[in-house]
Structure formats: C-alpha cells, structure tokens
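Asker: Give me coordinates for this.
(one chain, ligands or ions: 1)
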Amino acid sequence: MTREIIIGTRDSALALWQTNWVKDKLQRLYPDYKISVKSVKTQGDKILDVALAKIGDKGLFTKELEVAMLAGEIDMAVHSMKDLPTALPEGLAIGAICERFDPRDVVVSHKGYQLADLPEGARVATSSLRRRAQLLKYRPDLTIEDVRGNLNTRMRKLEEQDFDALILAAAGVERMGWAERIEEKIAYDIILPAVGQGSIGIELRRNDVELKQIVVAINHRQSQLAILAERAMLRKLEGGCQIPIGALALVEGDTVTLEGLVASLDGTELLRDQVAGDADQAEQLGIQLADKLLARGAKKILEAVRRETEEA
Ligand SMILES: NCc1[nH]cc(CCC(=O)O)c1CC(=O)O
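Answerer: Numbering: from 1, shown residues only. Presented below is the predicted three-dimensional model:
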C-alpha cells in the first residue's frame, strides 16, 4: 500500500503557488501516491508591522513548518530556498532543490521607472538590507523605504504609499503572474541576489528514506550545486537572511563560478569577490569565497551591521 504524503506550506499566495508546483510535479511522477497540502502560519506571516531587520530571527518563515514536520503532522515542507536558514534542526534535511528560476531582483513601478531614470531622492521600497545597501551604493541619493507583507500587500503599498519603485525577486513576481509589471530586471553588477533566490527546496525528515527517494526525482543538479555553494558561503559568514549578503553561483559544465558580496547598511563599504572551481567542490568553493571576503575585512562590516540592526 502506498502512503499519503502531506506537504506543508505557508499560506501566502506565493508559497501556495510554489507548493502546488511541487505537488503537481510529484503527482505526475508518482500517480499512485495520495499527496495533500496543509498550510501552516509562520511567525513571518503573523508579525507584519515590524521591520524584518528588527525581528530578523532565523527561520522566521520556516520554523513552524519544521516543528510540524518533526511532530509528524506534515511529511515535507516546500520552501523558497532563500528563506531557509543554513543550519537545519537536528533530524531534518534538504531532500531536493528544484530547477532555479531567474535569480535576479526586479524593479516594479506604477510610474514606469527603471533604476537609472529614477529622479533624484526618489523613494524606493524594500525591506531587504541586501537590496538597500546595493541600491545606495549605486544611487546614494535614493530614499529607501521599508515595506513588509506578502507580495500582494507590497504591490498594494507601492501605489497606496506612492513609492517611486518597489524591488522584488523576479521569481516571485513571475510566479504570481505579474511579469508585465516588471520595468527592469536588475543586472548582477548592480544587485547581487540573495543566497538561494529563485529556487524552491524541499525539506524532509532525515530518516524518511521512502520520501527521500521520491523527491530526488525533482532535484535539479546544477541548481543544487549552485545553491549549496552559495549556502556554504553564507554559513561561513554566519549571516542570517537579514544581513547585507548577496551571492550568485553559475554552473557551466563541470565548473562553478561563485560571486559573493558583503556590504555595510548604507552601501559605502561593499566587498565583492569571486571564485571558480570544480562543480563537485561546490561547498568548498563557498567556504573559500567566504574566507576571501573575511580576509578583506568582511568581519568588521558584519559586526557593525549586527550592532546597528540590534540598536535600531
Ligand atoms: N523573502 C520573501 C521571499 N522569499 C522568496 C521570494 C521570491 C521567490 C524566490 O526567491 O524564490 C520572496 C519575495 C521577494 O523577495 O521578492
């Protein structure tokens, strides 16, 4: 007899889209399994009035799902890889990393602006310290405004609060069906994405051998190597998601090229570097890049950021 597989997810529209995408893929490959979806509210979905940087506890969008998984209420959780902390709880593991979508950040603007033609002092909305730092490095005149909430809420606030532009991940905007609202896909030399951005991952119980064998079918090797390299860099730098750290690994044939960045909150100090090497050394490359950045002074920048975000 085949068992039922219960997939846990947050209940935001994007999370549900992602979960159904995974469910459909699995159901097509394994028509005999009954696969169902159960939604769980996470801290990150409940606390909507506080800036992310201030509540920047690791696993804000994932913890409740992990608790439910360990309790056996769900069998696996579908996450945006960028929201999944680099250290997982004892007993859980990443079972698959699906093919990455476009990792870039994008500009959405009801006024039709791209970054280069935003007027002096324009108000740009993002709650990400990584985006803020890089935007200020590129355009120190911009006013960065905090915006919280799921994608629907942020899109609404763009117009309600009359921001000039809103920065979001291409993957989320496109999954929500809003591709035509994108004014610009931001080049990597202006904004390096978040670790894991654009990729959907599956977390499961380490000892669930049957499910592990099922989900590897939707693992995408190149995306997995890229994201493992990025996560190894992040882990070594000990940054949560609310620290100005960016990364992007590209895998071509047997080679991984990994670029990474650490910045101060105002973008005035910004270290960017890259390493390249063998794809089967992806995680070592991430550590190598972190070491390279640390040798250039990343530690001082990160310590200052932690102090400043705690004070804020
Ligand atoms: N932190 C929220 C979040 N988590 C994942 C995505 C986008 C989808 C993805 O990166 O796979 C978003 C929205 C955004 O940053 O615009």
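
Asker: what are the phi and psi angles of Leu115?
Answerer: As for Leu115, its main-chain torsions (degrees, to the nearest 10) stand at phi -60, psi -50.

Asker: and what of the one 5 residues further on?
Answerer: Geometry field for Glu120 lists phi and psi as phi -50, psi 130, criterion degrees, to the nearest 10.

Asker: okay but it is in contact with Thr143, surely?
Answerer: No - counting by C-beta atoms under 8 Å, Glu120 sits too far from Thr143 to count as a contact (10.1 Å). Using the backbone N, CA and C atoms, a C-beta is placed for each residue, glycine as well.

Asker: More neighbours: which of the two?
Answerer: A count of neighbours by other C-beta atoms under 10 Å puts Thr143 above the other of Glu120 and Thr143, at 12 against 7.

Asker: Return the set of residues that bridge with that one.
Answerer: Arg123 (DSSP bridges).

Asker: Name the nearest residue to Gln134, sequence neighbours excluded.
Answerer: Ile191 (4.6 Å; C-beta to C-beta, 6 or more residues apart in numbering).

Asker: how near is that neighbour to the ligand?
Answerer: From Ile191 across to the ligand, the span is 12 Å (C-beta to the nearest ligand atom, to the nearest Å).

Asker: Neighbours of that residue, how many?
Answerer: 25.

Asker: Quick one: residues contacting it.
Answerer: Residues counted as contacts of Ile191 (C-beta atoms under 8 Å, 6 or more residues apart in numbering) are Arg104, Asp105, Arg130, Arg131, Gln134, Leu135, Tyr138, Ile167, Gly246.

Asker: any chance of these in TSV, with distance to Lys300, neighbour count and secondary structure too?
Answerer: Listed next are the contacts of Ile191 as TSV, based on distance: C-beta to C-beta, whole Å; neighbours: other C-beta atoms under 10 Å; DSSP: H, G, I helix; E, B strand; the rest coil:
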residue	distance to Lys300	neighbour count	secondary structure
Arg104	29	21	coil
Asp105	26	30	strand
Arg130	18	26	helix
Arg131	22	23	helix
Gln134	19	26	helix
Leu135	22	24	helix
Tyr138	22	16	helix
Ile167	27	26	strand
Gly246	18	27	strand
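
Asker: For the residue nearest to the spatial centre of the chain, give its distance to the ligand.
Answerer: Centroid-nearest residue in the chain: Lys82, 2.1 Å away (criterion: C-alpha atoms, centre = their mean). For Lys82, the distance to the ligand equals 5 Å [C-beta to the nearest ligand atom].

Asker: got the phi/psi numbers for that residue?
Answerer: Backbone torsions for Lys82, taken as degrees, to the nearest 10, come to phi -70, psi -20.

Asker: how many other residues sit next to the closest residue to Lys137 other than its chain neighbours?
Answerer: Computed as C-beta to C-beta, 6+ apart, the closest residue to Lys137 that is not its neighbour in sequence is Gly267, at 3.5 Å. Residues near Gly267, counting by other C-beta under 10 Å, number 20.

Asker: How about the secondary structure of Gly267?
Answerer: coil (DSSP: H, G, I helix; E, B strand; the rest coil).

Asker: my guess is it contacts Arg130, does it?
Answerer: No - Gly267 lies out of contact with Arg130 (C-beta under 8 Å); the separation is 10.1 Å.

Asker: anything in contact with each of those two?
Answerer: Contacts common to Gly267 and Arg130, judged by C-beta under 8 Å, 6+ apart, are Pro244.

Asker: Near the ligand, which residues of the stretch 151-300 of the chain? Just list them.
Answerer: Where the stretch 151-300 of the chain comes near the ligand, counting by C-beta under 6 Å from any ligand atom, the residues are Leu168, Ala169, Ala171, Gly172, Gln197, Gly198, Ser199.

Asker: What about the residues you listed, which are in strands?
Answerer: Leu168, Ala169 (DSSP state E).

Asker: On the strand side of things, show who the nearest residue to Gln27 once chain neighbours are set aside bridges to.
Answerer: Leaving aside its sequence neighbours, Gln27 sits nearest to Ile35 (C-beta to C-beta, 6+ apart; 5.4 Å). Beta-bridge partners for Ile35, by DSSP bridges, are Ile5.
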